[in-house]
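Engineer: Coordinates only, no sequence provided:
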């Protein structure tokens, strides 16, 4: 039997809100299901609340609200924080991505989340 985890797009008002929203969807209030992209990928691999057989769906309702909240403005904020902590060798690429985001170009935080979910657990994401 397929288990469905529901994310309400209205609750995802920024990347910092995404983590507790998906954590609660999968593991109940206060639940954990990642706190960065790498951790999300790990959680999607199993053992963090999803069924062992991998038979689950993440239904992201009203995802367009999240898409707007996690758009280029949030991407700029997120990339600025990453840049502060980045290794020197990673900074040029981050600066390039930051400049693109400031110009309203390139992938957004929303795009990154969708990509991680689709690559780590193909077929589980439903955008409604």
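Structural biologist: Ah, there it is. All values derive from a computational prediction rather than experimental measurement. Numbering: from 1, shown residues only.

Engineer: Residue 64: what's it in contact with?
Structural biologist: Contact analysis of residue 64 by C-beta atoms under 8 Å, 6 or more residues apart in numbering lists residue 9. In this view, the C-beta of every residue, glycine as well, is placed from N, C-alpha and C.

Engineer: ok, the residue lying closest to residue 50 once chain neighbours are set aside - contacts?
Structural biologist: Among residues not flanking residue 50 along the chain, residue 56 sits closest, at 4.9 Å (C-beta to C-beta, 6 or more residues apart in numbering). The contact partners of residue 56, by C-beta under 8 Å, 6+ apart, come to 2, 3, 4, 5, 50, 124.

Engineer: Equivalent analysis for residue 32, please.
Structural biologist: Contacts for residue 32 (C-beta under 8 Å, 6+ apart) come out as 23, 43, 48.

Engineer: which secondary structure element contains the second one?
Structural biologist: The reference is to residue 43. helix 37-44 (DSSP states H and E).

Engineer: How about the first one?
Structural biologist: Taking DSSP H and E as the definition, residue 23 sits inside helix 15-27.

Engineer: buried ones in that helix?
Structural biologist: By 16 or more other C-beta atoms under 10 Å, the buried positions in helix 15-27 come out as 15, 18, 19, 20, 21, 22, 23, 24, 25, 26, 27.

Engineer: same question, stretch 74-82
Structural biologist: Residues 74, 75, 76, 78, 79 are the ones in stretch 74-82 that count as buried (16+ other C-beta under 10 Å).

Engineer: swap in stretch 27-38?
Structural biologist: 27, 32, 33, 34, 37.

Engineer: returning to that earlier point: including pLDDT and distance to residue 62, could the contacts of residue 32 go into CSV?
Structural biologist: Converted to CSV, the contacts of residue 32 look like this (pLDDT from 0 to 100; distance: C-beta to C-beta, whole Å):
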residue, pLDDT, distance to residue 62
23, 97, 18
43, 95, 22
48, 92, 24
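
Engineer: Distance of residue 23 relative to residue 76?
Structural biologist: 25 Å (C-beta to C-beta, to the nearest Å).

Engineer: State the pLDDT value of the closest residue to residue 106 other than its chain neighbours.
Structural biologist: Leaving aside its sequence neighbours, residue 106 sits nearest to residue 100 (C-beta to C-beta, 6+ apart; 3.8 Å). Residue 100 is assigned 98 on the pLDDT scale.
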